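Colleague: Quick one, fold the following:
(one chain, ligands or ions: 1)
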Amino acid sequence: MEFSKVEPAYISKDGCRLVWKGVDEDDQDVIVISGDELERLSELLSKESTGKVELEDQFSMIWVNTDTVQFRLKEHKMLEVETTVLRKKLLEYEKIPHEPKPIKIYPKEFFPSIIIDNEEENTLLNSILADKNKNIISESDFFRIIATRRSTRNFDMSRLVEQWKIDKILAAADTAPTAGNFQGFEVFYIKNKEIKKRLVEAANNQPYVNAPIVLVFCMDPSRVKINFPPEILAKFSLQDATLAAAYSQLAASSLGLSSIWIGMLDEEKVRQIINTTLRPSSILCIGYPHQKRLPKSRRKLKDLIHVIE
Ligand SMILES: Cc1cc2nc3c(=O)[nH]c(=O)nc-3n(C[C@H](O)[C@H](O)[C@H](O)COP(=O)(O)O)c2cc1C
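Modeller: All right, here's what the predicted structure looks like:
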């Protein structure tokens, strides 16, 4: 991995993203640092001093030495850059004026979208609300979770996913918004090994579909009791199923797991394999990754957001 550039963080005008590139186009590591962390790092570099900057959460420490700056990350291989290179790029980056814009979000509240009348469902929703794991989905962690999520296609098949984590991932799907709150989707949780193997074939032979946790999200327009033409109800149920899968995917990331979203699938084959008349929209494959990787970069926020005043 070779250090490539400093770019703005997506979610805050503070801080930045430090990008390393590998040989493949897809292969890159990014470290997102906060405004405070950037300030401390820049101070050391501009004064040409050595020292360390402690990073919150999953990034543990930056060591600034005379020749190299080492990023010693928790659960990730160490990343390095020549001190002179980083000094030049960071100081250039800091010349660009950026207004500090603190992000404020409100405490997350979960309202079950269904009436709970049996104990088993109660357990699922309770698991997401449970106090003992509250710190995992805390307000302050939310942006870290979305900003550090990275897909994997290389699962550690020997590592079992804890049942309480699976419960939270399934329950998260049920917290997503749906058209008219009609919940126009269904989730098929595939435990059967043979069926997982057949899904690989139905998904264009993508081997990682045979993952520790496999969830098939299907559209169910018949649940959407709104008086609209069938094509609108189909669109709503596709959006419902997609959002639910996205919520589960984020829940998985917040629990230290990784996932891959599978959209390339033969709908008819998947239908037959899981024995349903519903249209599958995506397969979400989840597990512990062999190696935790840092998130991929995206286009610049100014290219993405079209402000209409
Ligand atoms: C709608 C959709 C369909 C996708 N289909 C596939 C797929 O069939 N196979 C695959 O390997 N990855 C698939 N992906 C995963 C993307 O390649 C991946 O999310 C993207 O490269 C961004 O990487 P990141 O998730 O690590 O940020 C899909 C993602 C989305 C959102």
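
Colleague: near the ligand, which residues of the stretch 51-200 of the chain show up?
Modeller: Proximity of the stretch 51-200 of the chain to the ligand (Cβ under 6 Å from any ligand atom) is limited to residues R150, S151, R153. Glycine gets a C-beta too; all of them are placed from N, C-alpha and C.

Colleague: Could you look up the SS state of the first one?
Modeller: Secondary structure assignment for R150 (DSSP: H, G, I helix; E, B strand; the rest coil): coil.

Colleague: Tell me how many other residues surround it.
Modeller: For R150, the neighbour count with other Cβ atoms under 10 Å is 15.

Colleague: thinking again about what came up before, ok, the residues of the stretch 51-200 of the chain next to the ligand vs the ligand, which is closest?
Modeller: Taking Cβ to the nearest ligand atom as the measure, the ligand sits nearest to S151 out of these, at 3.5 Å.

Colleague: residue contacts, the closest one?
Modeller: Contacts for S151 (Cβ atoms under 8 Å, 6 or more residues apart in numbering) come out as S258, S259, I260, W261.

Colleague: out of these, which touch the ligand?
Modeller: Counting by Cβ under 6 Å from any ligand atom, I260, W261 from the contacts of S151 sit close to the ligand.

Colleague: List just the nearest of the contacts of S151 to the ligand.
Modeller: Nearest to the ligand among those: W261, at 3.9 Å, using Cβ to the nearest ligand atom.

Colleague: Near the closest one, how many other residues are there?
Modeller: Here the number of neighbours of W261 (other Cβ under 10 Å) works out to 15.

Colleague: buried stuff in the helix or strand where it lies?
Modeller: Using DSSP states H and E, W261 maps to strand 258-262. If you call a residue buried by 16 or more other Cβ atoms under 10 Å, then strand 258-262 has these buried ones: S258, S259, I260, I262.

Colleague: Tell me how confident the model is about stretch 181-198, as a mean pLDDT.
Modeller: Averaged across stretch 181-198, pLDDT comes to 97.

Colleague: I'd like the distance from that stretch to the chain centre, please.
Modeller: Relative to its chain's centre, stretch 181-198 lies at 20 Å (Cα atoms, centre = their mean, to the nearest Å).

Colleague: tell me how far the ends of it are from each other?
Modeller: Start to finish, the residues bounding stretch 181-198 are 33 Å apart (Cα to Cα, to the nearest Å).

Colleague: Adding distance to P207 and pLDDT, write the buried residues of strand 258-262 out as CSV.
Modeller: Below are those laid out as CSV (distance: Cβ to Cβ, whole Å; pLDDT from 0 to 100):
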residue, distance to P207, pLDDT
S258, 16, 96
S259, 15, 97
I260, 11, 96
I262, 11, 96
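
Colleague: Can you lay out those residues as TSV showing distance to E48?
Modeller: Output for the buried residues of strand 258-262, formatted as TSV (distance: Cβ to Cβ, whole Å):
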residue	distance to E48
S258	39
S259	43
I260	44
I262	50
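
Colleague: ok, so of these, who is nearest L73?
Modeller: Taking Cβ to Cβ as the measure, L73 lies nearest S258 of these, at 15.6 Å.

Colleague: quick one: contacts for the residue nearest to L265 when sequence neighbours are not counted?
Modeller: What sits nearest to L265 in space, not counting adjacent residues and going by Cβ to Cβ, 6 or more residues apart in numbering, is A203, at 4.5 Å. Residues counted as contacts of A203 (Cβ under 8 Å, 6+ apart) are V209, I262, M264, L265, D266, V270, I283.

Colleague: now, among the contacts of S151, which is nearest to A244?
Modeller: Each of the contacts of S151 was scored against A244 by Cβ to Cβ, and W261 proved nearest at 12.3 Å.

Colleague: which residues does that closest one bridge with?
Modeller: Beta-bridge partners for W261, by DSSP bridges, are L284.

Colleague: So which elements touch the strand holding W261?
Modeller: Judged by 3 or more Cβ pairs under 8 Å, 6 or more residues apart in numbering; DSSP states H and E, strand 258-262 is in contact with helix 230-254, strand 279-287.

Colleague: Packing partners of the one helix or strand F217 maps to?
Modeller: Following DSSP H and E, one finds F217 within strand 213-219. Judged by 3+ Cβ pairs under 8 Å, 6+ apart, strand 213-219 is in contact with helix 163-173, strand 185-190, helix 193-202, helix 230-254, strand 279-287.
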